[in-house]
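In: Below: sequence and its predicted model.
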4 protein chains.
Amino acid sequence: MATQDEQGGRHRLDVAVRWGHCDPAGIVYYPVYYDFFHQAMETWFDRVLGVPYRSVIETRRIGFPSVHTEADYHAPSTYGDRLCVMLAVSAMGRTSLTFALSIEGPDGGLRVSGRKTVVAMDLDPASPTFRRAIPIPDDVRGRIEAFGIAPAAPA
Amino acid sequence: MATQDEQGGRHRLDVAVRWGHCDPAGIVYYPVYYDFFHQAMETWFDRVLGVPYRSVIETRRIGFPSVHTEADYHAPSTYGDRLCVMLAVSAMGRTSLTFALSIEGPDGGLRVSGRKTVVAMDLDPASPTFRRAIPIPDDVRGRIEAFGIAPAAPA
Amino acid sequence: MATQDEQGGRHRLDVAVRWGHCDPAGIVYYPVYYDFFHQAMETWFDRVLGVPYRSVIETRRIGFPSVHTEADYHAPSTYGDRLCVMLAVSAMGRTSLTFALSIEGPDGGLRVSGRKTVVAMDLDPASPTFRRAIPIPDDVRGRIEAFGIAPAAPA
Amino acid sequence: MATQDEQGGRHRLDVAVRWGHCDPAGIVYYPVYYDFFHQAMETWFDRVLGVPYRSVIETRRIGFPSVHTEADYHAPSTYGDRLCVMLAVSAMGRTSLTFALSIEGPDGGLRVSGRKTVVAMDLDPASPTFRRAIPIPDDVRGRIEAFGIAPAAPA
């Protein structure tokens, strides 16, 4: 359910709307879009940055929890729709990253646009900074700069 | 897992952080907070407005999908935490409602603050306005005004 | 959303069917019942055994992952239903526990019956038995025996 | 996240273990596997039977809710694992279908094996048999027979 088409600082994740994503109104239950946002970030680490998210978590012991998320829902998505989640980086601070996200329907129409700011967080229980914000590692920072930081939203 | 303590235009829903809410970092996976926001709206209809959400959906054939949601995450919540979700109404338009939401930990500390705007949507497939925004019914509007509309956020 | 009424080796958890639990057919999406089963186990540790599940995980570093689960769905549950999840212990081995579970609707009618076998698992990454089955601790075993082990299903 | 490789009455769905699938023990939360089972059924309708599940639901107004599900968990799956879900049909009755399911890890090792029985259910609120079991339509039955019914489990 995932392909990619990376250029100009955009990462694309294709997702299909499954039965378990929808509510009794027959449309995607809105918290699910935030899960799609997270999946876009995960696959961006894996496929674009070349720093598998698994290794970030397990080897480097760093997580990227959200400190702010938001979304505007422009049109509902229904069961069976094939959606395209687009991710760009709109800002990078010492410890934080802000993503601009948009979700398009099969016809290219905008379904959801959003924003997500995460911070690098120390996941090592033995560390004095456990569950605190820490600087984004230099090599990851370099790869993100190479990917491209676009202040404007992707939509 | 739910009690209520309604006064001055606030609705409170107590929720416990369950195993299925948490991620491998040991904290609540952030989309879950949006599900808590929705649960707060559902129980507000049921317990405070006196208009069960079930009857809104099944009898009136009206849904309240989100058009905008956002959240700031101030502190992580971990397994077993007992959280208190507070909901207030910060604005009401012809078809839309905006909620101010906050989630507090057992010590009263702010964990999450957020905002959610929904619109009344026609759920009747036989209606010419199916899946379009429609005015909030007058009786519901009256009950919301009686509950209280507070422009400022609850936090 | 939770009350309790413990006697004769049964634990009861009340849950309300929320919007996010239901699928486009308007009924509870079946994997959700397994989440309810898990919640029943969690609250049984907390409220009945007097061994908070949080302390089991965080202090003792023991988890109880499932090795077998099953469910029969006798009647659908729809949005707004108030369900009662009943848990009994049907067997206890050296490392394993088997629960008999049933879910009843507001009219007492049987909605779901099921079974869940879990094993005590070492969650300490520093331990030689990390992610392996380990004996149920003696004090927990004693409390489970005091609660009662009923070979027959609760329904 | 999905490929297919259909032969001899087996359907295969590839899924990646995402952050939102895992619990604080760092492994897939067991109800999620049942969602994977459902996704395998959905994609089997779409890609193998050539009867898109969406058309089954929306045009024919038929659902396939579960009446029985079960799973044995042989080994845990952790974040980032790429899993392969295999589906075969082990029995077909007048209104029911039984699937044999297995989930393998990237090394081909068995992670989960399971079974799922569904019944064709009338989803048309205007029908006298609304939410009751109905016969599997003849054309769908023919396609399932062509796919192959294998009494033994796929594993």
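Out: Yep, it's here.
In: Now do the contacts for A:His38.
Out: Each residue near A:His38 by CB atoms under 8 Å, 6 or more residues apart in numbering or on different chains is listed here: B:Tyr30, B:Pro31, D:Arg18, D:Trp19, D:Gly20. Where C-beta positions appear, they are placed from N, C-alpha and C, glycine not excepted.
In: tell me the phi and psi of it?
Out: phi -70, psi -40 (degrees, to the nearest 10).
In: Let's see the pLDDT reported for it.
Out: Here, the pLDDT recorded for A:His38 equals 98.
In: and the contacts of A:His38, which two are the farthest apart?
Out: Using CB to CB, the contacts of A:His38 span at most 13.4 Å, a distance reached by B:Tyr30 and D:Arg18.
In: The two: which has the busier surroundings?
Out: Neighbours per residue, other CB atoms under 10 Å in any protein chain shown: of B:Tyr30 and D:Arg18, the larger number sits with B:Tyr30, 25 against 19.
In: isn't that one right up against A:Pro65?
Out: Yes: between B:Tyr30 and A:Pro65 there is a contact at 6.9 Å, judged by CB atoms under 8 Å.
In: Now for these two: what residues contact both?
Out: With CB under 8 Å, 6+ apart, B:Tyr30 and A:Pro65 have common neighbours B:Tyr73.
In: Measure how buried A:Thr43 is and give me the count.
Out: Neighbour tally, A:Thr43, other CB under 10 Å: 21.
In: and if you look at A:Val48?
Out: For A:Val48, the count of nearby residues is 19 (other CB under 10 Å).
In: Equivalent analysis for A:Val118, please.
Out: 22.
In: Now the phi/psi pair for A:Ala75, please.
Out: Backbone dihedrals for A:Ala75, given as degrees, to the nearest 10, come out at phi -160, psi 140.
In: And for A:Asp138, the neighbour number?
Out: The number of residues packed near A:Asp138 is 8, by other CB under 10 Å.
In: could you check the distance from it over to A:Ile144?
Out: For A:Asp138, the distance to A:Ile144 (CB to CB, to the nearest Å) stands at 11 Å.
In: which ones are touching the residue nearest the centre of chain A?
Out: In chain A, the residue lying closest to the centroid (CA atoms, centre = their mean) is A:Met41, at 2.9 Å. Neighbouring residues of A:Met41 by CB under 8 Å, 6+ apart: A:Tyr53, A:Phe64, A:Leu87, A:Phe99, A:Lys116, A:Val118.
In: That one is in what secondary structure piece?
Out: helix A:31-43 (DSSP states H and E).
In: cool, A:Ile57 as well?
Out: helix A:53-58.
In: can you pull the buried residues of that helix?
Out: Residues A:Tyr53, A:Arg54, A:Val56, A:Ile57, A:Glu58 are the ones in helix A:53-58 that count as buried (16 or more other CB atoms under 10 Å in any protein chain shown).
In: Model confidence for A:Pro65, exactly?
Out: If you check A:Pro65, the pLDDT there is 95.
In: That one touches B:Ala25, doesn't it?
Out: Yes: A:Pro65 is within contact range of B:Ala25, at 6.8 Å (criterion: CB under 8 Å).
In: Return every residue with contacts to both of the two.
Out: In contact with both A:Pro65 and B:Ala25: A:Met121, B:Pro76, using CB under 8 Å, 6+ apart.
In: Might one say that A:Tyr29 is in contact with C:Asp23?
Out: No: judged on CB under 8 Å, A:Tyr29 makes no contact with C:Asp23 at a distance of 9.6 Å.
In: okay, and the common contacts of these two?
Out: A:Cys22, A:Asp23.
In: Quick one: mean pLDDT for stretch A:97-105?
Out: pLDDT averaged over stretch A:97-105 gives 98.
In: Please list the outside residues in contact with it.
Out: Residues outside stretch A:97-105 that contact it (CB under 8 Å, 6+ apart) are A:33, A:36-37, A:40-41, A:64, A:71, A:75, A:77, A:81, A:83-92, A:110-120, A:136, A:144, A:150, A:152-155.
In: Apply 7 Å and report the result again.
Out: A:33, A:36-37, A:40-41, A:77, A:81, A:83-91, A:110-118, A:136, A:153-155 (CB atoms under 7 Å, 6 or more residues apart in numbering or on different chains).
In: For the buried ones among those, write the corresponding ChimeraX selection.
Out: Of the contacts of stretch A:97-105, the buried ones can be selected in ChimeraX as follows, counting by 16+ other CB under 10 Å:
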select /A:33,36,37,40,41,77,81,83,84,85,86,87,88,89,90,111,112,113,114,115,116,117,118,136,154,155
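In: Tell me which of the contacts of stretch A:97-105 fall in strands.
Out: A:83-91, A:110-118 (DSSP state E).
In: Near chain D, which residues of chain A are found?
Out: Contacts of chain A with chain D, taken as CB under 7 Å from any CB of the partner chain, map to A:1-2, A:18-20, A:35, A:38-39, A:42, A:52-54, A:57, A:79-80.
In: any idea which of those is closest to chain B?
Out: A:Asp35 (5.0 Å; CB to the nearest CB).
In: Please tell me how far that closest one sits from D:Tyr73.
Out: Counting by CB to CB, the gap from A:Asp35 to D:Tyr73 is 23 Å.
In: what does A:Val56 give?
Out: 27 Å.
In: and what of A:Tyr30?
Out: Distance of A:Tyr30 to D:Tyr73, computed by CB to CB: 31 Å.
In: any weak-confidence spans in chain A?
Out: Counting by pLDDT under 70, the ranges of chain A that qualify are A:1-8, A:152-155.
In: What parts of it come near chain B?
Out: A:24-25, A:27, A:30-31, A:34-35, A:57, A:63, A:65-73, A:76, A:123, A:131.
In: do that again at 6 Å, thanks
Out: Contact residues, chain A versus chain B (CB under 6 Å from any CB of the partner chain): A:25, A:30-31, A:34-35, A:63, A:66-73, A:123.
In: and these, which two are the farthest apart?
Out: The widest separation within the residues of chain A next to chain B, taken as CB to CB, falls between A:Ala25 and A:Leu123 and amounts to 37.4 Å.
In: Hmm, A:His11 and A:Gly148 touching each other?
Out: No: with contact defined as CB atoms under 6 Å, A:Gly148 does not reach A:His11; the gap is 10.4 Å.
In: Please identify which of these two sits among more neighbours.
Out: Counted by other CB under 10 Å, A:Gly148 and A:His11 do not tie: A:His11 has more neighbours, with 26 against 12.
In: mind listing what the more buried one touches?
Out: Listed by CB atoms under 6 Å, 6 or more residues apart in numbering or on different chains, the contact partners of A:His11 are A:Trp44, A:Val48, A:Leu87.
In: distance of the first one from A:Gly9?
Out: Spelled out, it's A:Trp44. Counting by CB to CB - A:Trp44 and A:Gly9 are separated by 11 Å.
In: higher neighbour count, these two?
Out: The neighbour comparison of A:Trp44 against A:Gly9 (other CB under 10 Å) goes to A:Trp44, with 24 against 17.
In: Just grab the bridge partners of the closest residue to that one other than its chain neighbours for me.
Out: Spatial nearest neighbour of A:Trp44, chain neighbours left out: A:His11 (4.3 Å); criterion: CB to CB, 6 or more residues apart in numbering or on different chains. Beta-bridge pairing for A:His11 (DSSP bridges): A:Leu87.
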